[in-house]
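Colleague: okay, sequence plus prediction incoming.
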Amino acid sequence: MTEQGNARSKPKSRTRRAVLFGGLGVVAAAAVAGRDEISRAWWLMPGVSKPRKEGEIDHAGAGWTAASPANWRMADRPDDYRVDRIVVHVTQGGFQSSVDAFKNPWHKASAHYIVRGDGHVEQMVRELDVAFHAGNRSMNERSVGIEHVGFVDRPKDFTDALYTASARLAAGICRRYDFPADRTHIVGHSEVPGADHTDPGDHWDWDRYIRMVREALAAPA
Ligand SMILES: [Zn+2]
């Protein structure tokens with residue numbers, strides 16, 4: 001077997017754990033706690049501080065570009081705020097202009113993730129922190145915001161790859177914070193109380209999306 005083959009056969013869970021914990025104290029903690037337990041409550045363990053290393057991500061496979069700190073607020077979720085919502089957005093612009101907007105300190109908005117039509121996921125704010133995406137403070141505090149690259153009136157922007165990548169991402173969020181994949185917990189920006197935005201719009205296929213998130217949830221993590 002080639003070296004490459006060996007590398008590929010590494011168990012996926014190890015990769016994911018490395019992504020989430022990235023550091024000290026984890027090996028000892030992992031030795032005493034089951035994996036399910038640890039994925040839910042590791043941050044409650046004494047001596048384990050939440051990792052905040054530059055470039056660290058919450059969704060395996062995502063890219064990372066830091067949003068300007070002016071566009072989000074540091075928090076300690078889910079300890080200080082319970083996370084039980086996902087807010088679905090559409091960027092009304094291209095990928096790069098959306099990334100640039102969230103990097104711009106004068107933009108005053110950001111989302112945790114941007115999903116692109118080819119299935120690429122870019123994370124820009126840690127899930128620990130509160131991104132300014134919903135136009136509603138309490139919704140921001142309880143939710144993870146997912147932007148989708150495209151325009152609300154251009155249904156061809158909502159590709160299979162975009163739905164698939166976003167559904168996998170959303171399923172991981174439901175799993176991490178233990179809430180169900182339904183239309184109470186996964187909402188559109190336009191449905192947020194007080195929102196003056198129309199995204200994701202009429203062409204976003206909610207039935208398909210929720211079904212795909214549930215399928216991803218049912219699949220092994
Ligand atoms: Zn929006």
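Modeller: Yes, it's here.

Colleague: leaving aside the residues adjacent along the chain, what's closest to Glu141?
Modeller: Tyr81 (4.4 Å; C-beta to C-beta, 6 or more residues apart in numbering). In this view, the C-beta of every residue, glycine as well, is placed from N, C-alpha and C.

Colleague: run a quick neighbour tally on that neighbour.
Modeller: Residues contacting Tyr81 under the criterion other C-beta atoms under 10 Å number 16.

Colleague: quickly list the domain ranges of this protein.
Modeller: Dividing the chain into domains by automatic domain parsing, as the record does, gives the ranges 14-48, 63-218.

Colleague: of the ones you listed, flag the one that's most buried.
Modeller: domain 63-218 (a mean of 19; mean count of other C-beta atoms under 10 Å).

Colleague: and that domain with the ion, contact?
Modeller: Yes. Judged by C-beta under 5 Å from the ion, domain 63-218 comes into contact with the ion at 89, 189, 197, 199.

Colleague: so Arg116 touches Ser166, yeah?
Modeller: No. Counting by C-beta atoms under 8 Å, Arg116 sits too far from Ser166 to count as a contact (10.0 Å).

Colleague: grab the nearest non-local neighbour of Tyr168.
Modeller: Heads up, residue 168 is Arg, not Tyr. Across the structure, with C-beta to C-beta, 6+ apart as the measure, the residue nearest Arg168 apart from its sequence neighbours is Ala216 (4.9 Å).

Colleague: would you put the C-alpha positions of the helix or strand containing that neighbour in CSV?
Modeller: Ala216 is located in helix 206-218, with elements delineated by DSSP states H and E. Coordinates of the C-alpha atoms in helix 206-218 are reproduced here as CSV (Å, rounded to 0.1, in the frame of the first residue of the first chain):
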residue,chain,number,x,y,z
TRP,A,206,-37.3,24.4,1.3
ASP,A,207,-38.9,20.9,1.1
ARG,A,208,-35.8,19.6,-0.8
TYR,A,209,-33.4,21.4,1.6
ILE,A,210,-35.0,20.1,4.8
ARG,A,211,-35.1,16.6,3.3
MET,A,212,-31.5,16.8,2.4
VAL,A,213,-30.5,18.0,5.9
ARG,A,214,-32.4,15.1,7.5
GLU,A,215,-30.7,12.6,5.1
ALA,A,216,-27.3,14.1,6.0
LEU,A,217,-28.3,13.8,9.7
ALA,A,218,-29.3,10.2,9.3
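
Colleague: can you list contacts of it?
Modeller: Applying C-beta atoms under 8 Å, 6 or more residues apart in numbering, the set of residues contacting helix 206-218 from outside is 88, 163-164, 166-168, 170-172, 174-175, 181-183, 186, 188.
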